[in-house]
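Enquirer: using only what follows, build the 3D model:
(one chain, ligands or ions: 1)
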Amino acid sequence: MNARALKPAEATPWTDPVELQGIGRLTIRALAPSDAEALRDFLESLSDSTKRRRVLGESGPPSDARLARLTRFDPARELALVALRHGDDGDEIIAVARYSAGDTPGEATFAIVVGDRYQGHCLGTELMCRLRDAAGVMGYRRMVGLTQPVNTPMLALARRLGCRVSPVPGDDALQRLSVAVPPPFPVPVPAAAGPRRAGRRT
Ligand SMILES: CC(C)(COP(=O)(O)OP(=O)(O)OC[C@H]1O[C@@H](n2cnc3c(N)ncnc32)[C@H](O)[C@@H]1OP(=O)(O)O)[C@@H](O)C(=O)NCCC(=O)NCCS
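Expert: Numbering: from 1, shown residues only. Here you go, the predicted structure:
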């Protein structure tokens, strides 16, 4: 269904650098196979409370197989965006947002986690907006996710994004988040590059 697959290093509007108050300048880009160790450090740095709130995340220390699976995703069906903070010791992953194709055509399932020290600085909002834009370019029209009813920050973020929040039938411990993905703005074609129309005056 997707028009094209994104390459991990491809520059796109959703990979523009960003500066956030309280965090500083960040690079946002697609996760790459070479990020496996940085991703391990990030996942291991999460507090128990943050780990518990990641409904779709696996518990336990990240195995090599899991890291390979997370970093070598199929770009035709999935995208994982990472936020990287630049320090003296190199780049550090401080947040990851991901979608993957759902069972319903045109629908993608999302998940997000921001490192404990960086929560509450709009990074989650920034990443989710970019993830939604990327999903739109890839042909998705809806993103859905799950959260616990007590996850106040995620519910606040969901409302900020315009998500519909609804119960999960038969599971009081979860709520379903659903947000429309607008189609991307058409990219203007420069006149010189576009097809000539017969009889058109210039
Ligand atoms: C949920 C999460 C992604 C939000 O990311 P974030 O960068 O902290 O969120 P933002 O700073 O963009 O803020 C989004 C909203 O959450 C609120 N918020 C952020 N941290 C909060 C906190 N600790 N307590 C209460 N509200 C908080 C913000 O005030 C904002 O609400 P507003 O629009 O009413 O002002 C992040 O808290 C997280 O990673 N949590 C653990 C994993 C998780 O819950 N994932 C979601 C399941 S898919």
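Enquirer: name the residues linked to the most centrally placed residue in the chain by a beta bridge.
Expert: When Cα atoms, centre = their mean is applied to the chain, the residue found nearest the centroid is residue 97 (3.2 Å). Under the criterion DSSP bridges, residue 97 forms beta bridges with residue 81, residue 112.
Enquirer: tell me the contacts of residue 131?
Expert: Taking Cβ atoms under 8 Å, 6 or more residues apart in numbering as the contact definition, residue 131 lies against 14, 79, 81, 97-99, 110, 112, 143. C-betas here are computed from N, CA, C, even on glycine.
Enquirer: swap the cut-off to 7 Å and go again
Expert: With contact taken as Cβ atoms under 7 Å, 6 or more residues apart in numbering, residue 131 is in contact with 81, 97, 99, 110.
Enquirer: Three-state assignment for the spatially closest residue to the third one that is not a sequence neighbour, please.
Expert: Think residue 99. Nearest-residue entry for residue 99: residue 108, 4.0 Å, with adjacent residues in sequence omitted and distances by Cβ to Cβ, 6 or more residues apart in numbering. Assigned by DSSP: H, G, I helix; E, B strand; the rest coil, the conformation of residue 108 is strand.
Enquirer: for this structure, what lies in contact range of the ligand?
Expert: The chain has residues 50, 53-55, 111-114, 119-125, 145, 147, 151-154, 156-157, 160 near the ligand, with proximity defined as Cβ under 6 Å from any ligand atom.
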